[in-house]
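>>> Sequence plus predicted model, see below.
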Amino acid sequence: MLGLYEGEADIGPARDASMFVSPDGTFLVVRDDDGRAVACGGVARFDATRGELKRMYVVPHARGRGIGRRVLAELEHSARELGYTSLVLETGDRQPEALGLYRSSGYEQIPCYPPYDRRVLSLCFEKRLEV
C-alpha cells in the first residue's frame with residue numbers, strides 16, 4: 001500500500017486484535033498447502049448494527065483464483081452471524097481489483113465516514129446483509 005499510494009499509510013484508527021474477536025468481530029486467514037498465509041480479512045464492530053470490513057488482502061501470486069471473493073463471502077456470513085445488518089468499508093481509489101470485487105459483490109458507494117471523509121484517495125462502500 002505504501003508503494004501504491006506513494007508512501008501514504010492508512011489513516012484509519014488503529015486496530016487491536018481484540019476487535020476481531022466474537023461477539024464483535026472475526027478475522028480469517030487463508031493458507032496455501034505449505035501453510036503460508038495467502039489471504040486475510042476481518043470484520044470489526046462499526047456501530048450498533050453495522051460491521052466494518054478491514055484488512056482484506058490477497059498476496060499478489062495468489063490473485064486471480066477467486067480467493068478474495070471467497071474470503072469476502074465468508075466474512076459476510078460471519079457478519080450476519082454476529083448480528084450485523086450491513087457492512088461498511090473503506091478502500092483506496094488506486095485499487096481497481098478491489099473496487100471491482102466490492103462492486104460486483106453488491107457494495108454501493110457511500111459518502112466516506114470519518115476519518116476517511118478528509119482523504120481524497122478514499123472510497124467508502126456499504127452492503128446491506130440479507131438475513
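Nice, I can see it.

>>> residue furthest from the geometric center of this structure?
Centroid-distance maximum for the chain: Asp34 at 25.0 Å, with Cα atoms, centre = their mean.

>>> Mind pulling up the pLDDT for that residue?
Asp34 carries a pLDDT value of 96.

>>> Over to it. Which of the three states is it?
Following DSSP: H, G, I helix; E, B strand; the rest coil, we place Asp34 in the coil state.

>>> same check, this time on Val43
strand.

>>> Repeat that for Pro23.
Per three-state DSSP, Pro23 ends up coil.

>>> what separates it from Leu75, distance-wise?
16 Å (Cβ to Cβ, to the nearest Å). The way it works is simple: take the backbone N, C-alpha and C, and place the C-beta from them, glycine included.

>>> what about these two, which has more around it?
Leu75 (22 against 9; other Cβ atoms under 10 Å).

>>> so the more buried one makes contact with Thr26?
Yes - contact criterion Cβ atoms under 8 Å: Leu75 and Thr26 qualify, at 7.1 Å.

>>> Now do the helix or strand containing Cys40: everything it contacts.
Using DSSP states H and E, Cys40 maps to strand 37-45. Residues from elsewhere that reach strand 37-45 (Cβ atoms under 8 Å, 6 or more residues apart in numbering): 15, 19-20, 24-32, 51-59, 61-62, 67-68, 71-72, 75, 78-79, 82, 84, 87.

>>> again, only this time at 7 Å
Strand 37-45 has contacts (Cβ atoms under 7 Å, 6 or more residues apart in numbering) with 15, 19-20, 24-32, 51-59, 62, 67-68, 71-72, 75, 78-79, 82, 87.

>>> Show the buried residues in those residues.
Buried members of the contacts of strand 37-45, scored by 16 or more other Cβ atoms under 10 Å, are 15, 19-20, 24-28, 30, 51-54, 56, 58, 67-68, 71-72, 75, 78-79, 87.
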